[in-house]
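# my questions are about this predicted structure, shown below with the sequence.
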Amino acid sequence: MPLGTLDRTPPPFFRQGTPALTKLVLCSALAVFLMAADNRLKLTQPLRAAVATALLPLQRALMAPVNLAYSGLDYLNGLQQAIAAEDRVRQQLARQAERAERGDRLAQENTRLRALLDLRPALQVKSISAEVMYEAPDPYSRKAFIDRGATHGIVLGAPVINEAGVLGQVTRVFPLNSMVTLLTDKDAAIPVLNARSQRRSAAFGGADGGGLELRFMAGNADVQVGDKLVTSGVDGVYPPGLPVAQVAQVDRKVDSGFAHILLTPAAAIDGVRHVLVLEPLSVQLPPLPEAPPAAARPGKGKASRPGIAGSGAAP
């Protein structure tokens, strides 16, 4: 075979063509150019939107079994929770029905007893809602200002409460706002009644730790940790039965005749925003009978009789 007829071109496997490094540089530059162009000119956004629109039915079709499974599990869980909630509500309704019936019986019995004893009806306490504006900046007292004053019907000495219990008492009234002295103030005091032992006492503010304390209680007084104290109503200011505090510590000192009793206020003093201002009971109580004149008092008439005065004046 003549040598000129031989194919001297290399097979495709041995063809080198463009170097690999050049291809890498070109592809990298093209990728950077496309990313910059897409970021600046938003070239691929229409293409991306078209592809997303075309794939949306397929995605929904593929997610349908998953959503169906989750929906079935949610339905079963919700059904179980609804059945459990219904059982709890039925039990709560049964308890409330029993309490309501018992309360009606007690109210009827109270009405009959009051009629039997010829007692006057219980006082209806009026209330005015208010909002706490700010606390007094004095670090040595606990006072707060509310947004109701004399123009809204607030009177001096009105009790201030919230949903937890007694907060304090109005001690200064202005036309549009009022100052409330809180129970934890060092000058505050309130008569209380031990709900367990039915013993009256007085709670004073300014105790250690910003709480209350019972003063002038004998060392052997029937007071225990956890006793709840409520308003006694004997002062003519606070309605009876309002929560005041709970006994937190009882220290029966041997060297003293009195016990050191610390209380925790029933109502959280800090962070209170909405309160109720009650009308003092003294406003609704009947006025006290006037004292008789000096001439009508026993013993005064004898000294003013002429015979006795004349016998003292004779020589």
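Ah, there it is.
# can we go C-alpha only for contacts and neighbour counts from here?
OK.
# which residues touch the nearest residue to Arg196 once chain neighbours are set aside?
Closest residue to Arg196 apart from its sequence neighbours, by CA to CA, 6 or more residues apart in numbering: Asp227 at 6.6 Å. By CA atoms under 8 Å, 6 or more residues apart in numbering, Asp227 lies in contact with Asn194, Ala195, Arg196, Gln246, Val247.
# just the C-alpha atoms of stretch 52-68, please, in PDB.
Extracted in PDB, the C-alpha atoms of stretch 52-68 (Å, rounded to 0.1, in the frame of the first residue of the first chain):
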ATOM      1  CA  ALA A  52     -42.500  28.600  38.000                       C
ATOM      2  CA  THR A  53     -45.900  29.000  36.400                       C
ATOM      3  CA  ALA A  54     -45.500  25.900  34.300                       C
ATOM      4  CA  LEU A  55     -44.300  23.800  37.300                       C
ATOM      5  CA  LEU A  56     -47.000  25.100  39.700                       C
ATOM      6  CA  PRO A  57     -49.700  22.600  38.700                       C
ATOM      7  CA  LEU A  58     -47.200  19.800  39.000                       C
ATOM      8  CA  GLN A  59     -46.100  21.000  42.500                       C
ATOM      9  CA  ARG A  60     -49.700  21.100  43.600                       C
ATOM     10  CA  ALA A  61     -50.400  17.700  42.300                       C
ATOM     11  CA  LEU A  62     -47.400  16.300  44.100                       C
ATOM     12  CA  MET A  63     -48.300  18.100  47.300                       C
ATOM     13  CA  ALA A  64     -51.900  16.900  47.300                       C
ATOM     14  CA  PRO A  65     -51.300  13.500  49.000                       C
ATOM     15  CA  VAL A  66     -49.100  15.200  51.700                       C
ATOM     16  CA  ASN A  67     -51.700  17.900  52.300                       C
ATOM     17  CA  LEU A  68     -54.400  15.300  52.500                       C
END
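# average model confidence for that stretch?
On average, the pLDDT along stretch 52-68 is 85.
# one more: stretch 245-256?
Per-residue scores along stretch 245-256 average to 83.
# pull the residues that contact it.
With CA under 8 Å, 6+ apart, stretch 245-256 has contacts from 212, 219-220, 223-230, 258-267.
# which is the succeeding secondary structure element to the one helix or strand Leu47 maps to?
Assigned by DSSP states H and E, Leu47 belongs to helix 45-117. Once the chain leaves helix 45-117, the next helix or strand it forms, by DSSP H and E, is strand 127-135.
# list the neighbouring strands of that following strand plus their orientation.
When pairs are called by DSSP bridges, strand 127-135 turns out to pair with strand 143-146 (antiparallel), strand 274-278 (antiparallel).
# how about that strand: buried residues?
Ser127, Ala130, Val132, Glu135 (16 or more other CA atoms under 10 Å).
# wait, the last one touches Ser141, no?
No - judged on CA atoms under 8 Å, Glu135 makes no contact with Ser141 at a distance of 9.8 Å.
# could you list the alpha-carbon positions for stretch 25-42 in CSV?
Written as CSV, here are the backbone C-alpha positions of stretch 25-42 (Å, rounded to 0.1, in the frame of the first residue of the first chain):
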residue,chain,number,x,y,z
VAL,A,25,-11.9,30.7,32.5
LEU,A,26,-14.5,31.2,29.7
CYS,A,27,-17.3,29.4,31.6
SER,A,28,-16.5,31.3,34.8
ALA,A,29,-16.6,34.6,33.0
LEU,A,30,-19.8,33.7,31.3
ALA,A,31,-21.4,32.7,34.6
VAL,A,32,-20.3,35.9,36.3
PHE,A,33,-21.6,37.9,33.3
LEU,A,34,-25.0,36.1,33.5
MET,A,35,-25.3,36.6,37.2
ALA,A,36,-24.4,40.3,37.0
ALA,A,37,-26.8,40.7,34.1
ASP,A,38,-29.6,38.9,35.9
ASN,A,39,-29.0,41.0,39.0
ARG,A,40,-28.8,44.3,37.2
LEU,A,41,-31.1,43.8,34.1
LYS,A,42,-33.4,41.1,35.4
